[in-house]
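J.: here is my input, please return the structure:
(chains A and B)
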Amino acid sequence: MIRFIVSRLVGMVLVLIVVSLVTFLIFQAVPLLAKSSPVYYYIGKAPATPELLKSLTHRFGFDQPLPAQYWSYLAGFFGKNITDGTSAAVPCPFPCFGYSFRRNELVSTLIGQALPVTISLAVGAALLWLVGGLLVGTLSGLKPGSFIDRAGMGAALAAVSLPIFFTGPVLLLLFVYTLGVLPDNNGYVSIFTDPVGWFFSLLLPWVCLALLFAALYARLTRSNVLETMNEDYIRTARAKGLDRRTIVVKHGLRAALTPIVTIFGIDIGGLIGTTIITESVFNLRGLGALSIQSIRDMDLPVMLGVTVVAAFALVVANFIVDLLYAVIDPRVTV
Amino acid sequence: MRFKRKTLAFASVAVVGAMLLAGCSSNGAKSGGGSSSAATTGFNAAVDKAINPSTKTGGTLKLLSSTDCDSWDPARTYYGWCLNMQRVFSRTLVNYSKVNGTKFTLAPDLATDLGQHNADYTEWKYTLKDGLKYADGTDIKAQDIKYAVERSYATDVITGGPGFYFTAIINAPSSYKGPYKSGDLPSSAIEVSGNTITFHLKKAFADFNYLLGLPTSAPVPKAKDNGANYTKSPAASGPFQISSYTPTKSVTFTRNKYWKQSTDTIRKPKVNEITLTINSNSDDIDNQLRTGAADARMEQAVNPTFQSQILTQPKLKANADNPAGPTTRYTAIAASVAPFDNIHCRKAVFYAWNKAAGLAIAGGAAAGKIAYSATPPGILGYDPSYNPYPSGKDNTGDVTKAKAELKACGKPNGFATKYAYSTPDPTNGKAFAAVKAALGRVGITVSAATSSASDYYSTFVGSPNNVKNQGLGLIAAGWGADFPTPYGMFQNIVNGNAILPQGNSNYASINIPAVNKVLDDTGTPSTQQSGEALNHALMEGAQFLPTRYAADLWYRNPRMTNVTSNNALGFGAYDVVNVGVSDGK
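T.: The predicted structure is shown next:
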């Protein structure tokens, strides 16, 4: 077990380094291929005289060789003082993702502001789709071919086919602008300042996001349940006289859930940093919105920070899922 | 499949029902059009005057935007809508008292008059009014204005704004790098004595007051300046101050209680608070405008969906304005790319161009007016009757004249060239298709040369070498005036002396002596005559092919009072500093 944990941790660090290196190279390579320089992203509309280009290139460190730039980023992760030669040095404690000269903020501050929004969105949607998907899938699996099964799977198919940039505005139009039962789309409200406002600001995004994933879970649960309920040991349990509920929940679902847990972990980890469309439609300032804004602004430190955090979330989720696997299925040892 | 009678009956009832409902809703829309305030409101009513006049005060003005400003630091902001927002909290020595219509008026703001200058416009002296205070109660001093202009020299920190207009003309030592590295400017550059400030210019500039009309020289107290972070809490000299700012999320302006109406003839604020909420869902902003949940959108025109609703529903249209601002969309023709070194080959393109198709693709009449010459409305020299290359009665092009020009340049069967535009804007791609079709009529084969928007202006068409090497004969471009004079409009885009190796805005490297002469002669005040001389010389050079004067469609909440368009600097956005709300909420 200890060996497993240590080896996974080492693997995690390696993955994060590779991810940050690839992002760094892409950001640098794009302007180089266009025979340009990243410094243009900082100039705005002012005429780019050679002196201005030179002083800005020096200020942001773009005149250093690429390996030196990357190394200073990597080594600074454990904490450094950021100085751009124009004002007092800004302390950047661990974990230091650098400084955004576009936004005049530490990247870790920006990520820290965005993370609660994305986590609220991901966790809420995940609970919704898990409960919804499991329920529909189990009912469908227990009564294959019935009306419930056909309706459930049909609804699942429709839900997964509708993209968020469609369902989002439609739900907004219906509940906010026509029926007026939900407040205006003015973005995320922190749970600490206004729990009720927090709930309503996330209700429609949860539903939209959950609709996409619930379908997959419903179908997966359905096929797992069908398979499990036909096993010999289930027939034995029935023969022993156990009630239906115990058979389904304790014996059937337990086995059917193992693959669900695996993909649930990956899905929820994968949501961190990738809910770009949902956050845009519902005006949420989460990691997805931060990543798309940083790409528009060509703000490298923020792009690197968001990518690394997203990769970290996914790797950690995978790790937890593997541990849980051992708990759920006693046949598996780690 | 046979239709059963019952099904047919249901179907016909449904169809008739639907038709009745449709008739009802469109009737409803039509009948809502006329109202008792038709005399003061209506489509385009706010373009050239302030409508819904009212002295009622109080309430909160709710503004929306899909993006944050490039900066709230008055020296670093350059977006038109952000220059408009600066009027809310930043005052300058001289500012606009009339921003609507096409003729703008400058008036004293922090200064007592429009300045005293010497005979050759190399010295400008202003006296500050008494009783001017920031929002924290401290006095606004002439020294703060000097400090503000000094900041523009720190080009590695104070990036992005139009400060280069000042640094190009003030008599500063060439080694001066701004207050953070080089201390104060000597008195030979900017002289402060008591409450007077004198600018000594190394290059005569008769239109200096227009530079002061930009927020760039708004006073900055040195003690409050924190360099690149100043954008987070800039000092307020105007009737409002930024009381809270969450970047990319919201800005709240509350009243500056130390601002005195007696010192300000330009602004007559009515509301207690202005909120600017940033909503990443651009269509949602239009929804909130339509339902009246918000008052106005600041950063851009409404989206196409809402635009088509506005233009087809009279009730909505009465609340909209569509001013054509000082912006020209054009195609730059690079003489460094053969065969455009021959003026007749260039003129062939001028005559073959289908301007009507271009306007339709951009959005039709609401997207602006077809441009016959370079100077747009709002800039001295604008002359709608001057059309040196008429493209037929319907502006679809004059194929006969084009072919004649082709013959004159020795290419009677046409030639091949490239049309450069930026991606991923889909309108640009459609525009290219129209250009290809139009020029194809006379045998000019056009192929596309694209670049992503982030590189397009900096190194793709912004590098004269790249333009030549890649054969970018035709370059899609547009430009809005930095300030409404011929210099503010044309200096960076057509002056042969402003060509840069990269980040060049004179994409076709236009270098016409008569044009350079008007632009370089900054020591003579701009007049309609000098503007026309520039316009004519530019058009005669046949490298600047104007296609349209761009217009945006803006929508105002009917509860807004004293509302008018800011065409001087805001490209039509509403001049919100003077706006009130009729319901006092």
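
J.: name the helix or strand for the closest residue in space to A:Ile164 that isn't next to it in sequence, please.
T.: With sequence-adjacent residues excluded and distances taken as CB to CB, 6 or more residues apart in numbering or on different chains, A:Ile164 is closest to A:Ile277, at 4.7 Å. Every C-beta, even on glycine, is put in place using the N, C-alpha and C of the backbone. For A:Ile277, the host element (DSSP states H and E) is helix A:276-281.

J.: ok, residues contacting that helix?
T.: The contact list for helix A:276-281 (CB atoms under 8 Å, 6 or more residues apart in numbering or on different chains) reads A:117-118, A:121, A:163-165, A:168-169, A:172, A:205, A:208-209, A:284-286, A:288-289, A:291-292, B:280-281, B:284.

J.: distance from the chain centre to that helix, please.
T.: 12 Å (CA atoms, centre = their mean, to the nearest Å).

J.: average model confidence for that helix?
T.: Throughout helix A:276-281, pLDDT has a mean value of 92.

J.: how about residues contacting the next helix or strand after that helix?
T.: As assigned by DSSP H and E, the chain's next helix or strand after helix A:276-281 is helix A:287-297. Here helix A:287-297 makes contact (CB under 8 Å, 6+ apart) with A:41, A:100, A:102, A:110-111, A:114-115, A:117-118, A:272-280, A:299, A:302-303, A:306-307, A:309-310, B:248, B:280.

J.: residue 245: what secondary structure?
T.: No chain was given, so I picked chain A. Under DSSP: H, G, I helix; E, B strand; the rest coil, A:Arg245 falls in the helix class.

J.: nope, chain B
T.: Classified using three-state DSSP, B:Tyr245 is strand.

J.: report the beta-bridge partners for the closest residue to it other than its chain neighbours.
T.: Distance criterion CB to CB, 6+ apart; nearest residue to B:Tyr245, sequence neighbours excluded, is B:Val251 at 5.0 Å. Under the criterion DSSP bridges, B:Val251 forms beta bridges with B:Tyr245, B:Leu276.

J.: and B:Val251, how close does it get to A:Gln113?
T.: Noted for B:Val251: a distance of 16 Å to A:Gln113, by CB to CB, to the nearest Å.

J.: out of those two, which sits in the more crowded spot?
T.: Comparing B:Val251 with A:Gln113 by other CB atoms under 10 Å in any protein chain shown, the one with more neighbours is B:Val251, at 23 against 18.

J.: I figured the more buried one hits B:Glu273, correct?
T.: No: using CB atoms under 8 Å, B:Val251 is not in contact with B:Glu273; the gap is 11.1 Å.

J.: residues contacting A:Asn81?
T.: Contacts of A:Asn81 (CB under 8 Å, 6+ apart): A:89-92.

J.: among these, which one sits closest to B:Ala218?
T.: The closest of the contacts of A:Asn81 to B:Ala218 turns out to be A:Val90 (CB to CB; 26.2 Å).

J.: right, and that closest one touches A:Val107 too?
T.: No: counting by CB under 8 Å, A:Val107 is not a contact partner of A:Val90; they are 11.4 Å apart.

J.: out of the contacts of A:Asn81, who's near chain B?
T.: Among those, proximity to chain B is found for none (CB under 8 Å from any CB of the partner chain).

J.: so which of the residues you listed is surrounded by the most neighbours?
T.: Across the contacts of A:Asn81, neighbour numbers were computed from other CB under 10 Å; A:Cys92 holds the maximum, 21 neighbours.

J.: now for the helix or strand hosting it, which elements pack on it?
T.: According to DSSP H and E, A:Cys92 maps onto strand A:90-93. The contact analysis (3 or more CB pairs under 8 Å, 6 or more residues apart in numbering or on different chains; DSSP states H and E) places strand A:90-93 against strand A:79-82.

J.: show the contacting residues for A:Ser223.
T.: Contacts of A:Ser223 (CB under 8 Å, 6+ apart): A:Gly141.

J.: okay, buried residues for the one helix or strand it maps to please.
T.: In the assignment (DSSP H and E), A:Ser223 maps to helix A:195-229. For helix A:195-229, the neighbour count (16 or more other CB atoms under 10 Å in any protein chain shown) marks A:198, A:201-226, A:228-229 as buried.

J.: likewise stretch B:297-316?
T.: Using 16+ other CB under 10 Å as the test for burial, stretch B:297-316 gives B:297-302, B:306-307, B:309-311, B:313-316.

J.: could you pull up phi and psi at B:Ala296?
T.: phi -160, psi 160 (degrees, to the nearest 10).

J.: I figured it was touching B:Gln288, is that so?
T.: No: using CB under 8 Å, B:Ala296 and B:Gln288 do not qualify as a contacting pair, with a distance of 10.4 Å.

J.: what mean pLDDT does the helix holding A:Ser223 get?
T.: For helix A:195-229, the per-residue pLDDT averages 90.

J.: what do you get for stretch B:250-260?
T.: 96.

J.: now do that stretch: distance to the chain's middle.
T.: 25 Å.

J.: give me the contact list for that stretch.
T.: B:72, B:88-89, B:131, B:133-137, B:236-245, B:269, B:272-278.

J.: quick one: buried ones out of those?
T.: B:72, B:88-89, B:133-135, B:236-242, B:245, B:269, B:272, B:274-278.

J.: what about the residues you listed, which are in helices?
T.: Secondary structure assignment (DSSP state H) places B:88-89 from the buried ones among the contacts of stretch B:250-260 within helices.

J.: what residues does the stretch 201-350 of chain B put near chain A?
T.: Counting by CB under 8 Å from any CB, the residues of the stretch 201-350 of chain B lying close to chain A are B:226-229, B:231-232, B:247-249, B:277, B:279-281, B:283-284, B:287-288, B:291, B:293.

J.: buried members of those residues into PyMOL, please.
T.: Only the buried entries of these go into this PyMOL selection, using 16+ other CB under 10 Å:
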select buried, chain B and resi 227+228+231+232+247+249+277+279+280+281+283+284+287+288+293
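
J.: tell me the secondary structure for the residue of chain B found nearest chain A?
T.: Going by CB to the nearest CB, chain A is nearest to B:Gly503 of chain B, at 2.7 Å. Here B:Gly503 takes the coil state, with states given by three-state DSSP.

J.: give me phi/psi at it?
T.: phi 60, psi 30.

J.: tally up the residues packed near it, please.
T.: 22.

J.: tell me the contacts of A:Val248?
T.: Taking CB under 8 Å, 6+ apart, we find A:Val248 in contact with A:138, A:142, A:229.

J.: gap between it and A:Ala313?
T.: 33 Å.

J.: would you mind listing where the chain has pLDDT under the threshold?
T.: Using chain A here. Residues of chain A meeting the criterion pLDDT under 70: A:34-35, A:41-47, A:83-88, A:333-334.

J.: hmm, no, I was thinking of chain B.
T.: B:1-40.

J.: so where's the longest strand in it?
T.: strand B:324-333 (DSSP state E).
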